[in-house]
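Enquirer: Give me coordinates for this.
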Amino acid sequence: MKISFPIFILISVLTTAVFGLPGCGAPAEEKDDSGSGPGAAPALTVKVEPVVRTEWAGTVAISGNLRTLSKVEVKPEVGGRLVSTLADEGDLVREGQLLAEIEQTNYQLAYRQAAAALQVARAGLERALVSAEFAQTEKERADNLLKSGGITEKDHQAAATGMREAATQVGLAEAQCAQAEAALAIAEKALGDCKIFAPAPGIVQKRFFDAGSLLGPGASVFTLVDNSRLEMECVVPSYQLVSIRLGQPAEFTTPSWGERKFGGVVSAINPTIDPESRSVRIRLKVENRNMELRDGMYARGEITTDRQKDALVIPRDALVPEEHASEYGSVFVVENGKAVLRRILVGDGRQDRLWVREGLEEGEWIIVERGPSLKDGSAVRVLSDAADSGS
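Expert: From the prediction side, this is the model:
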């Protein structure tokens, strides 16, 4: 087919115009400020959570063992053979309840002997009183005879001496009676001590002897514990002492009861600090009306020292700690698709949360899970659906 010259020129011009336009032919590599273009580092996937405003309770961590305020060793004041035990381990006993008995035969004999000795002493007193009365009469008779000249001075002195001696015998007899009465009281008490009573209410923790055992005075027969009143002794660093006050509430858990919480109150703060550990001992009073806690249980918890109503709170995992121990730290905040490292002032912390005093605002999204390649300014892709909807 023959093409005319003007048409050929027109096709050539159009071809040059089309293929000479920018973007036609092989694509040129472009710069992508978003970081998603060719040659840029891919966006890192991160998990975020918002900065929330809530009430924050300042706390001091504590741990220690529970111990009873009443632990009594039941010991007899007399020795002898144990003839009966009336309580077993685990029994709840009341104050004054009979727990055991010691053979009474020897103490009954000692009581009878003391009673007989008292009778002898009283008889001696009666005899001394009769002698004293006779001596008094003789002295009065000698006085009358001396006035009438019917008696010599020597005989009068003898009568006076006899009266004084009789009075002395009365005093001696009275002392012997008092001594015999005391001995009888001791024998009576020893006889009564053969019965062993509970000196305080509690639970029998340990019984050391069975019936038939021969005991010495002061040997422990039972151990009684009263778990209705417990205390927890723990040690805290001395720098936290400034925030602890008497009467502050505390909560704790025990391995026996899992996550169930129990309460206590700070009841005592040791006035001295251990020079080696730089720590101070404190005690908590623990109510145990339902008898669910036991002496010797291990407990872990915290004392509530103060409360902040409008505190900014973040997860602990978000914190990038300082190289040296400090109340400052850093977190990555998501801004316009990038991770921005921001320094914050931490007010307090607990197991998984932190109270932030400065550096963040409510509603900002912070990165809580990050990889080692995350840097300040890295492009990020948010994994959290909440963050995606919020942005």
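
Enquirer: rest of the way, CA atoms for contacts and neighbours
Expert: Fine.

Enquirer: Show me the strands paired with whichever strand or helix holds Leu354, marking each as parallel or antiparallel.
Expert: Using DSSP states H and E, Leu354 sits in strand 353-358. Sheet pairing of strand 353-358 (DSSP bridges) gives strand 298-315 (antiparallel), strand 338-349 (antiparallel).

Enquirer: Outline the domain layout of this structure.
Expert: Here the domain parsing of the chain from automatic domain parsing is 35-51+319-391, 55-69+227-308, 72-103+194-225, 104-191.

Enquirer: Need the strands paired with strand 353-358 in JSON lines (columns: mean pLDDT and mean neighbour count).
Expert: Shown next, in JSON lines, are the strands paired with strand 353-358 (pLDDT from 0 to 100; neighbours: other C-alpha atoms under 10 Å):
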{"stretch": "strand 298-315", "mean pLDDT": "89", "mean neighbour count": "18"}
{"stretch": "strand 338-349", "mean pLDDT": "88", "mean neighbour count": "18"}
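
Enquirer: what's Thr152 in contact with, if anything?
Expert: Neighbour list for Thr152: Leu146 [criterion: C-alpha atoms under 8 Å, 6 or more residues apart in numbering].

Enquirer: Do you know the pLDDT at it?
Expert: Looking at Thr152, its pLDDT stands at 80.

Enquirer: Considering the domains of the chain, which stretch scores lowest in mean pLDDT?
Expert: Minimum mean pLDDT among those: domain 35-51+319-391, a mean of 81.

Enquirer: Next, find the distance separating the residue nearest in space to the middle of the chain from Ile344.
Expert: Residue closest to the average C-alpha location in the chain (C-alpha atoms, centre = their mean): Met232, at 0.8 Å. Distance, Met232 to Ile344, by C-alpha to C-alpha, to the nearest Å: 36 Å.

Enquirer: and what of Leu129?
Expert: From Leu129 across to Ile344, the span is 100 Å (C-alpha to C-alpha).

Enquirer: again with Gly171
Expert: From Gly171 across to Ile344, the span is 93 Å (C-alpha to C-alpha).

Enquirer: pretty sure Leu345 is in contact with Val356, am I right?
Expert: Yes: counting by C-alpha atoms under 8 Å, Val356 is a contact partner of Leu345 at 5.9 Å.

Enquirer: so what's Asn144 up against?
Expert: Per C-alpha under 8 Å, 6+ apart, neighbours of Asn144: none.

Enquirer: re earlier: does the residue nearest to the centre of the chain touch Arg67 like I think?
Expert: Yes: using C-alpha under 8 Å, Met232 is in contact with Arg67, at 6.4 Å.

Enquirer: Three-state assignment for Ala173, please.
Expert: What DSSP: H, G, I helix; E, B strand; the rest coil gives for Ala173 is helix.

Enquirer: Can you check which helix is longest in this protein?
Expert: helix 105-148 (DSSP state H).

Enquirer: Can you tell me what sits against the helix or strand just after the strand holding Leu354?
Expert: Where DSSP H and E defines the elements, the next helix or strand beyond strand 353-358 is strand 365-369. Residues outside strand 365-369 that contact it (C-alpha under 8 Å, 6+ apart): 46-51, 315, 317-319, 331-334, 387.

Enquirer: Quick check on these: which are buried?
Expert: Among these, those buried by neighbour count (16 or more other C-alpha atoms under 10 Å) are 46-51, 315, 318-319, 331-334, 387.

Enquirer: Return the subset of those lying in strands.
Expert: Within these, residues falling in strands by DSSP state E are Val46, Lys47, Val48, Glu49, Pro50, Pro315, Val331, Phe332, Val333, Val334.

Enquirer: mind putting these in CSV, distance to Leu146 included?
Expert: Output for those, formatted as CSV (distance: C-alpha to C-alpha, whole Å):
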residue, distance to Leu146
Val46, 130
Lys47, 127
Val48, 126
Glu49, 123
Pro50, 123
Pro315, 116
Val331, 122
Phe332, 125
Val333, 127
Val334, 130
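
Enquirer: which of the residues you listed lies closest to Val83?
Expert: Within those, the smallest distance to Val83 is 66.3 Å, found for Pro315 (C-alpha to C-alpha).

Enquirer: coming back round to it: okay, the residue nearest to the centre of the chain and Gln248: tell me how far apart.
Expert: Met232 is 14 Å from Gln248, by C-alpha to C-alpha.

Enquirer: ok, now Ala173?
Expert: 66 Å.

Enquirer: Likewise for Ala167?
Expert: Per C-alpha to C-alpha, Ala167 is found 72 Å from Gln248.

Enquirer: How about Gly162?
Expert: Applying C-alpha to C-alpha, the value for Gly162 to Gln248 is 80 Å.

Enquirer: Those two: who's more crowded?
Expert: Higher neighbour count among Gly162 and Gln248: Gly162, with 19 against 16, using other C-alpha atoms under 10 Å.

Enquirer: Show the secondary-structure elements that the helix or strand containing the more buried one is packed against.
Expert: Secondary structure assigned from DSSP H and E places Gly162 in helix 153-192. When contacts are defined as 3 or more C-alpha pairs under 8 Å, 6 or more residues apart in numbering; DSSP states H and E, helix 153-192 packs onto helix 105-148.

Enquirer: re earlier: what's the closest of the ones in strands among the buried ones among the contacts of strand 365-369 to Gln104?
Expert: Pro315 (71.8 Å).

Enquirer: and stretch 210-218, how far from the chain's centre?
Expert: The chain centre lies 36 Å from the centre of stretch 210-218; the measure is C-alpha atoms, centre = their mean, to the nearest Å.
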